[in-house]
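Novice: Got a predicted structure plus its sequence, pasted below:
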Amino acid sequence: MKVLVFALSTVAYGDTLVGIGLTNQLRAAGVRSHYVITASSENLLRHHGYPHTVLDPAGGQDVRAEVDAVVRRFRPDAIVLADYLNHWGTLIRQFDTDPWFIDDYRLPVLPIDIWEWENTAFRFDVCGRRHEREVSRRILDMPAHLRPVPVCHLDPGPAGYGHPYRVLPPEPALTAARRREVRAALGVGERHRLVMLPMAAWQHQRGDRPGMTEMVGRLGRRVPELLADYLRRLPSDAHLLFIGGNVPEPFLALPAERVHLLPLCAPDRYDELLASVDAVLSLTTTGLTVSRAILADTPAMLLTNRFTVPDTAAVDTVESELGGMDPVVRRWLLDTAPVEPFRMWPKGQHAFLEPLLKDNPHLDALVHRELFDGGGVVAALTALLFDPGTRDDLAARRAGYAAAVAALPPTEEVFAAAAGRAALAVR
């Protein structure tokens, strides 16, 4: 079987990694894949050895002609969208192309449905935007949706669209000896605790981007200031790891001997680092690094914000709901308001993600705290790093969730069932 995969994100490559996680599992079963991508993902495709076609938003390409040529040459049996939202949004906004020209190929179309669209209102909230952004409902015409776990639910969903599958193939555990070597190379000893903070450049760098509002930009710049203050309060044996070279300035002001900066690295090296840290701290609810951490048996902590702070007068209300407020948080809110809720820093998407997270056992496998509960964040992260009871309790919950994920049918079987169901729609 041959699969044509569209992975068209232009500012990050998490969705491409999700696609690669799928096709790596299918490749082991003899399925061949060809990718249609933007330049941001090209190094990843080369690393994993996938043939690919690059579309350039500034290149004046005839997208339809480019894809027509790929289809004639590769002769795919099915199309995969990694993911649905990026396929629709990127082709419309970046390429001025109807994303559904792919229907003309009369092939089964399988969207990777990261967000469980059937449970949403097809619109999502963006910090600082008065009106919610509406999304095409075309996915509801596609009978089979591939749902990566984590973060999706383990079941097919109320309407039965979903085909849940393990987002990444099982990986052998890192040996204790190799883990010590990786940590020693960073200057991290046995007594130290190492925290990875995954951040993409688009989250905190200035500049105009699709979906950018003034508030999104402001939160991107200012949240690292607050988080850096929390990290400064951790015990001196807590070290911090940043990968990618795009580190927000407030973190660079932390004690230099506790901050470890690494450039972008190959996926295999990243996996080793992820399995060698003592915790992952993230502000991105659906971030792939958190999913990878859980499956690698690495503790993870998620920070989000549920509060709307329209002005400085509302800060007292937040303090009341939290049962107290750290002075640093109060000053930060007084300087930063207005602030809107977010589960995907700095974009928002708090209300949008509610159906995905409701009754989702994924949340049981990690620690979740409110960003503006400064004392609670520091205490929870300290316990996660240094308290054996806390670590053991989370490890047991993580193991239970990982076992449920491992109990899913083999991914090649899930894909075959979804492809067969989708094929009926084009006959």
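Specialist: It's in.
Novice: can you pull out the helices in the stretch 151-300 of the chain?
Specialist: Using DSSP state H, counting those that start in this stretch, the helices of the stretch 151-300 of the chain run over 176-186, 201-204, 214-232, 249-252, 267-276, 288-295.
Novice: who does the fourth one touch, helix- and strand-wise?
Specialist: Here helix 249-252 is seen to pack against helix 214-232 when contacts are counted using 3 or more Cβ pairs under 8 Å, 6 or more residues apart in numbering; DSSP states H and E. Heads up, the C-betas are built off the backbone N, CA and C, glycines and all.
Novice: and residue 209, what pLDDT?
Specialist: We have a pLDDT of 58 for residue 209.
Novice: Ignore what I typed, I meant residue 200.
Specialist: pLDDT at residue 200 comes out at 76.
Novice: Please identify which of the helices of the stretch 151-300 of the chain is closest to residue 95.
Specialist: Residue 95 sits nearest to helix 201-204 of all the helices of the stretch 151-300 of the chain, at 19.2 Å, using Cβ to Cβ.
Novice: next SSE after the one helix or strand residue 88 maps to?
Specialist: Per DSSP states H and E: residue 88 is located in helix 84-93. Sequence-wise, the next helix or strand downstream of helix 84-93 (DSSP H and E) is strand 109-111.
Novice: where does the nearest residue to residue 334 once chain neighbours are set aside fall, phi/psi-wise?
Specialist: Using Cβ to Cβ, 6 or more residues apart in numbering and skipping the chain neighbours, the partner closest in space to residue 334 is residue 312 (5.1 Å). Torsion angles at residue 312 (phi, psi; degrees, to the nearest 10) stand at phi -70, psi -30.
Novice: Pretty sure residue 331 is one of the things residue 312 touches, is it not?
Specialist: No: using Cβ atoms under 8 Å, residue 312 is not in contact with residue 331; the gap is 10.9 Å.
Novice: Look up the pLDDT of the residue nearest to residue 334 for me, please.
Specialist: What the model reports as pLDDT for residue 312 is 96.
Novice: And residue 130, by the same measure?
Specialist: We have a pLDDT of 76 for residue 130.
Novice: Residue 96 too?
Specialist: Looking at residue 96, its pLDDT stands at 93.
Novice: Quick check: the gap between it and residue 319.
Specialist: Here the criterion is Cβ to Cβ, to the nearest Å. By it, residue 96 lies 48 Å from residue 319.
Novice: Ok, residue 391 next?
Specialist: With distances taken as Cβ to Cβ, residue 391 is found 31 Å from residue 319.
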